[in-house]
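J.: Mind folding the following:
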Amino acid sequence: MPGVFISFEGPDGSGKTTLIKGLKARLDQDLKQAPIFSREPGGDRIAEEIRDIILSPANTELDARSEALLYAASRAQHLTKKIRPALAAGNMVLCDRYVDSSIAYQGYGRKLGGQAVKLINAFAIDGLLPDLTLYCDISAEEGIARIEAGRTDEINRLDQESIAFHRRVVQGYQDLLKENPDRIVPIDASQPAEAMQAAAYELIRQRFPQFFS
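T.: Residues are numbered from 1 along each chain as shown. Presented below is the predicted three-dimensional model:
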(Lines give C-alpha, C1' and ligand atoms only; values in the text may rest on other atoms or scores of the structure.)
Protein backbone atom coordinates (compact mmCIF):
# COMPACT_ATOMS: atom_id res chain seq x y z
CA MET A 1 0.00 0.00 0.00
CA PRO A 2 1.45 3.39 -0.95
CA GLY A 3 2.10 5.89 1.80
CA VAL A 4 0.11 9.06 2.35
CA PHE A 5 1.38 12.54 3.21
CA ILE A 6 -0.71 14.89 5.40
CA SER A 7 0.44 18.39 6.34
CA PHE A 8 -0.93 20.75 8.98
CA GLU A 9 -0.93 24.51 8.44
CA GLY A 10 -2.09 27.63 10.22
CA PRO A 11 -1.03 31.08 11.36
CA ASP A 12 0.79 31.55 14.64
CA GLY A 13 -1.43 30.85 17.63
CA SER A 14 -3.90 28.74 15.66
CA GLY A 15 -3.49 25.65 17.86
CA LYS A 16 -1.95 23.62 15.06
CA THR A 17 0.77 21.96 17.14
CA THR A 18 -1.70 21.19 19.93
CA LEU A 19 -3.98 19.61 17.34
CA ILE A 20 -1.21 17.33 16.08
CA LYS A 21 -0.25 16.27 19.61
CA GLY A 22 -3.88 15.45 20.36
CA LEU A 23 -4.20 13.34 17.21
CA LYS A 24 -1.06 11.36 17.90
CA ALA A 25 -2.36 9.05 20.63
CA ARG A 26 -5.57 8.30 18.77
CA LEU A 27 -3.91 7.60 15.43
CA ASP A 28 -1.18 5.53 17.08
CA GLN A 29 -3.95 3.32 18.43
CA ASP A 30 -6.34 3.22 15.46
CA LEU A 31 -4.07 2.88 12.43
CA LYS A 32 -2.86 -0.48 11.15
CA GLN A 33 0.67 0.91 11.19
CA ALA A 34 1.81 3.70 13.54
CA PRO A 35 2.06 7.01 11.66
CA ILE A 36 5.24 9.01 11.26
CA PHE A 37 5.13 12.49 12.79
CA SER A 38 7.51 15.25 11.77
CA ARG A 39 7.80 19.03 11.53
CA GLU A 40 9.21 21.86 9.47
CA PRO A 41 11.59 23.43 9.54
CA GLY A 42 13.33 20.39 10.95
CA GLY A 43 12.56 16.69 11.07
CA ASP A 44 16.14 15.63 10.40
CA ARG A 45 19.39 16.40 12.27
CA ILE A 46 20.71 18.82 9.67
CA ALA A 47 17.27 20.32 9.01
CA GLU A 48 16.88 20.92 12.76
CA GLU A 49 20.18 22.83 12.79
CA ILE A 50 18.84 25.04 10.01
CA ARG A 51 15.65 25.50 12.06
CA ASP A 52 17.69 26.89 14.93
CA ILE A 53 19.16 29.55 12.64
CA ILE A 54 15.82 30.51 11.09
CA LEU A 55 13.75 30.76 14.27
CA SER A 56 16.26 32.11 16.77
CA PRO A 57 14.97 35.42 18.21
CA ALA A 58 18.60 36.59 18.11
CA ASN A 59 18.71 36.51 14.29
CA THR A 60 16.65 39.63 13.63
CA GLU A 61 19.00 40.70 10.82
CA LEU A 62 18.30 37.58 8.74
CA ASP A 63 17.52 38.72 5.19
CA ALA A 64 14.09 37.75 3.83
CA ARG A 65 15.53 36.00 0.76
CA SER A 66 18.08 34.17 2.89
CA GLU A 67 15.25 33.08 5.17
CA ALA A 68 13.24 31.69 2.24
CA LEU A 69 16.27 29.82 0.91
CA LEU A 70 17.04 28.35 4.33
CA TYR A 71 13.48 27.05 4.63
CA ALA A 72 13.79 25.44 1.20
CA ALA A 73 17.17 23.91 2.08
CA SER A 74 15.79 22.49 5.33
CA ARG A 75 12.79 21.11 3.42
CA ALA A 76 14.93 19.37 0.79
CA GLN A 77 17.01 17.70 3.51
CA HIS A 78 13.89 16.67 5.44
CA LEU A 79 12.27 15.16 2.36
CA THR A 80 15.34 13.20 1.36
CA LYS A 81 16.15 11.78 4.77
CA LYS A 82 12.73 11.26 6.34
CA ILE A 83 9.57 11.97 4.33
CA ARG A 84 10.27 10.15 1.07
CA PRO A 85 11.66 7.00 2.77
CA ALA A 86 8.61 6.86 5.07
CA LEU A 87 6.20 7.20 2.14
CA ALA A 88 8.09 4.57 0.18
CA ALA A 89 7.64 2.22 3.16
CA GLY A 90 3.87 2.74 3.06
CA ASN A 91 3.56 4.96 6.13
CA MET A 92 1.07 7.70 6.86
CA VAL A 93 3.24 10.79 7.38
CA LEU A 94 1.88 13.78 9.30
CA CYS A 95 3.94 16.95 9.16
CA ASP A 96 3.64 20.17 11.17
CA ARG A 97 4.01 22.72 8.32
CA TYR A 98 5.26 22.25 4.77
CA VAL A 99 5.64 24.30 1.60
CA ASP A 100 2.38 26.26 2.08
CA SER A 101 3.97 27.87 5.14
CA SER A 102 6.80 29.24 3.02
CA ILE A 103 4.37 30.69 0.49
CA ALA A 104 2.28 32.32 3.24
CA TYR A 105 5.10 33.53 5.48
CA GLN A 106 7.85 34.46 3.05
CA GLY A 107 5.76 35.04 -0.07
CA TYR A 108 3.07 37.13 1.61
CA GLY A 109 4.37 37.99 5.08
CA ARG A 110 7.84 39.03 3.84
CA LYS A 111 6.41 40.35 0.56
CA LEU A 112 8.73 38.25 -1.60
CA GLY A 113 5.77 37.18 -3.73
CA GLY A 114 3.98 33.87 -3.69
CA GLN A 115 5.22 32.88 -7.15
CA ALA A 116 8.87 33.59 -6.29
CA VAL A 117 8.66 31.38 -3.21
CA LYS A 118 6.90 28.64 -5.19
CA LEU A 119 9.79 28.66 -7.67
CA ILE A 120 12.40 28.40 -4.90
CA ASN A 121 10.58 25.45 -3.41
CA ALA A 122 9.83 23.71 -6.70
CA PHE A 123 13.47 22.62 -6.78
CA ALA A 124 13.40 21.62 -3.10
CA ILE A 125 10.26 19.46 -3.18
CA ASP A 126 10.66 18.02 -6.70
CA GLY A 127 6.91 17.68 -7.19
CA LEU A 128 5.99 16.23 -3.78
CA LEU A 129 2.86 17.90 -2.40
CA PRO A 130 0.73 16.57 0.46
CA ASP A 131 -2.22 14.32 -0.30
CA LEU A 132 -4.17 16.35 2.26
CA THR A 133 -3.49 19.61 4.10
CA LEU A 134 -5.51 20.51 7.19
CA TYR A 135 -5.56 24.26 7.73
CA CYS A 136 -6.28 25.63 11.21
CA ASP A 137 -8.38 28.64 10.27
CA ILE A 138 -8.18 31.63 12.61
CA SER A 139 -7.74 35.40 12.31
CA ALA A 140 -4.32 36.97 12.80
CA GLU A 141 -5.68 38.98 15.70
CA GLU A 142 -6.98 35.97 17.63
CA GLY A 143 -3.83 33.99 17.00
CA ILE A 144 -1.54 36.72 18.30
CA ALA A 145 -3.86 37.32 21.26
CA ARG A 146 -3.39 33.67 22.24
CA ILE A 147 0.39 34.00 22.05
CA GLU A 148 0.35 37.16 24.15
CA ALA A 149 -1.93 35.44 26.68
CA GLY A 150 0.82 33.00 27.47
CA ARG A 151 1.10 30.19 24.95
CA THR A 152 3.42 27.62 26.49
CA ASP A 153 4.97 26.05 23.39
CA GLU A 154 7.79 27.52 21.30
CA ILE A 155 7.87 31.31 20.95
CA ASN A 156 10.06 32.18 17.97
CA ARG A 157 11.24 35.06 15.84
CA LEU A 158 8.18 34.98 13.57
CA ASP A 159 5.78 35.19 16.51
CA GLN A 160 7.28 38.58 17.31
CA GLU A 161 6.46 40.16 13.94
CA SER A 162 3.89 42.98 13.58
CA ILE A 163 0.17 42.34 13.28
CA ALA A 164 0.39 43.61 9.69
CA PHE A 165 2.85 40.80 8.92
CA HIS A 166 0.51 38.18 10.41
CA ARG A 167 -2.47 39.58 8.50
CA ARG A 168 -0.54 39.15 5.27
CA VAL A 169 0.27 35.56 6.27
CA VAL A 170 -3.42 34.82 6.82
CA GLN A 171 -4.24 36.37 3.44
CA GLY A 172 -1.64 34.09 1.87
CA TYR A 173 -3.29 31.06 3.39
CA GLN A 174 -6.73 32.21 2.26
CA ASP A 175 -5.44 32.52 -1.31
CA LEU A 176 -3.92 29.04 -1.10
CA LEU A 177 -7.26 27.67 0.10
CA LYS A 178 -8.96 29.10 -2.99
CA GLU A 179 -6.25 27.73 -5.29
CA ASN A 180 -6.24 24.23 -3.79
CA PRO A 181 -9.79 23.40 -2.64
CA ASP A 182 -9.34 19.64 -3.03
CA ARG A 183 -6.06 19.43 -1.12
CA ILE A 184 -6.45 22.07 1.60
CA VAL A 185 -9.35 21.65 4.03
CA PRO A 186 -10.02 24.32 6.69
CA ILE A 187 -10.77 23.49 10.31
CA ASP A 188 -12.34 26.13 12.54
CA ALA A 189 -9.53 26.93 15.00
CA SER A 190 -11.72 29.11 17.20
CA GLN A 191 -13.42 26.01 18.62
CA PRO A 192 -12.06 24.02 21.59
CA ALA A 193 -9.03 21.82 21.03
CA GLU A 194 -11.06 18.62 21.49
CA ALA A 195 -13.49 19.66 18.76
CA MET A 196 -10.62 20.48 16.39
CA GLN A 197 -9.07 17.07 17.05
CA ALA A 198 -12.37 15.28 16.39
CA ALA A 199 -12.88 17.17 13.13
CA ALA A 200 -9.33 16.43 11.95
CA TYR A 201 -9.59 12.76 12.89
CA GLU A 202 -12.81 12.31 10.92
CA LEU A 203 -11.38 14.05 7.87
CA ILE A 204 -8.35 11.76 7.89
CA ARG A 205 -10.48 8.66 8.46
CA GLN A 206 -12.87 9.55 5.63
CA ARG A 207 -10.10 10.41 3.17
CA PHE A 208 -7.81 7.44 3.93
CA PRO A 209 -9.92 4.57 5.37
CA GLN A 210 -7.46 1.96 4.12
CA PHE A 211 -4.99 2.94 6.87
CA PHE A 212 -7.39 2.27 9.74
CA SER A 213 -7.83 -1.03 11.57
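J.: Going by C-alpha atoms from here, please, whenever you check contacts or count neighbours.
T.: Noted.
J.: Just the buried residues of stretch 202-213, please?
T.: For stretch 202-213, the neighbour count (16 or more other Cα atoms under 10 Å) marks Leu203, Ile204, Arg205, Phe211 as buried.
J.: my read: the last one touches Gln33, true?
T.: Yes: the pair Phe211 / Gln33 is scored as a contact, 7.4 Å apart, by Cα atoms under 8 Å.
J.: what about this structure, any weak spots by pLDDT?
T.: 151-160 (pLDDT under 70).
J.: Which parts of it are strands?
T.: 4-9, 36-39, 92-96, 132-137, 184-188 (DSSP state E).
J.: Which neighbours in the sheet does the second one have, and how are they oriented?
T.: Take DSSP bridges as the rule and strand 36-39 pairs in its sheet with strand 92-96 (parallel).
J.: between the partner strand and strand 132-137, how many degrees?
T.: Interaxial angle, strand 92-96 versus strand 132-137 (axes from the mean of the first three to the mean of the last three Cα atoms, to 10 degrees): 30 degrees.
J.: which outside residues touch strand 92-96?
T.: If you take Cα atoms under 8 Å, 6 or more residues apart in numbering as the criterion, strand 92-96 is touched by 3-9, 16-17, 20, 34-40, 83, 86-87, 211.
J.: before we move on, what about stretch 115-134?
T.: Residues outside stretch 115-134 that contact it (Cα under 8 Å, 6+ apart) are 4-9, 68-69, 72-73, 75-76, 79, 99, 102-103, 106-107, 183-187, 200.
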